[in-house]
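Enquirer: I would like the atomic coordinates for the input below:
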Amino acid sequence: MSILGHDSILFVTDSSSSYAKIQDIIRAFEFTFRVIKSSEIKFENEKYDILILDRCSSIIPLEFYTRFKLAINTHPSLLPLHRGNYPIFWGTLLGDPHGITIHKVEKDVDTGDRIYQEKIEYNEDMNFVDLYDMSRESITRGLAIVLQKYQTRNLKYFKTNATNCHHHLNSYSKKLLNHLPLGWNTSIKEARRLLHLEIIEYKKDIEWQQNRERLIEDIIAV
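Expert: Residues are numbered from 1 along each chain as shown. Purely as a prediction, here's the structure:
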């Protein structure tokens, strides 16, 4: 589906908002593109060059994403830290470095080779909405850099060591969020206070806790 020599992008998102800036970047690089939901993938028969997954609620079938020259996903944590659901929530609750990662799509969730990472500085007076908005801005910048490197054939890949990389579960994360009166608008400091006992127990249960320093050392962002 390339037009006049420009590669094409299939942009898959299950969010109804906050991707207009990403579309502007795609247009600026003169890519043709289409936006669909992850549930529509099974009906998509057109040929595209690049697949971008951004906040998808469904796991993409292997036979689908291997069609593309490049298949990437956006994730609001510094992988290999905080795979899976609610990475902003867990990363800041546990006091870990925060940021975003753009990585290749692989069979296992959030384990593909990393292409871009950006650290985001935060403090405990911020709330989770603040961190989400900052993460979206970083993802937008990161996608611009990745697309520029793709066009100049200058992409570099960094392997993710997925050993003991904990995958946060959706159900338990939602349960804890329900304990916060202000939900996502709760400050990190207040969330840590309200969920103090749950955080202690969670740290006991997660296998990768003992390997935290090794995982942090594996972050490629500077």
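Enquirer: can you pull out the strands in this protein?
Expert: For the chain, applying DSSP state E gives strands covering 8-13, 32-36, 50-54, 70-75, 83-84, 98-104, 114-120, 167-168.
Enquirer: weakest of those by average pLDDT?
Expert: Among those, strand 167-168 has the lowest mean pLDDT, at a mean of 81.
Enquirer: other SSEs contacting it?
Expert: Strand 167-168 sits against strand 83-84, with contacts defined as 3 or more C-beta pairs under 8 Å, 6 or more residues apart in numbering; DSSP states H and E. Glycine gets a C-beta too; all of them are placed from N, C-alpha and C.
Enquirer: Now do the strand it packs on: everything it contacts.
Expert: If you take C-beta atoms under 8 Å, 6 or more residues apart in numbering as the criterion, strand 83-84 is touched by 75, 77, 109, 110, 111, 162, 165, 166, 167, 168, 169, 170.
Enquirer: thinking the first one is in contact with residue 87, fair?
Expert: Spelled out, that is residue 75. Yes: under the criterion of C-beta atoms under 8 Å, residue 75 makes contact with residue 87 at 6.7 Å.
Enquirer: Please name the nearest non-neighbouring residue to residue 145.
Expert: Using C-beta to C-beta, 6 or more residues apart in numbering and skipping the chain neighbours, the partner closest in space to residue 145 is residue 116 (5.9 Å).
Enquirer: What is the burial count for residue 76?
Expert: 23 (other C-beta atoms under 10 Å).
Enquirer: now do residue 47
Expert: By other C-beta under 10 Å, the residues close to residue 47 number 11.
Enquirer: So for it, what's the pLDDT?
Expert: At residue 47, pLDDT is 92.
Enquirer: Going forward, count from 58.
Expert: Sounds good: first residue 58 from here, last item residue 104.
Enquirer: What separation is there between it and residue 202?
Expert: 26 Å (C-beta to C-beta, to the nearest Å).
Enquirer: what does residue 211 give?
Expert: The gap separating residue 211 from residue 202 is 10 Å, by C-beta to C-beta.
Enquirer: One more: residue 142?
Expert: For residue 142 relative to residue 202 (C-beta to C-beta), the value is 26 Å.
Enquirer: Between those two, tell me which one has more neighbours.
Expert: residue 142 (17 against 14).
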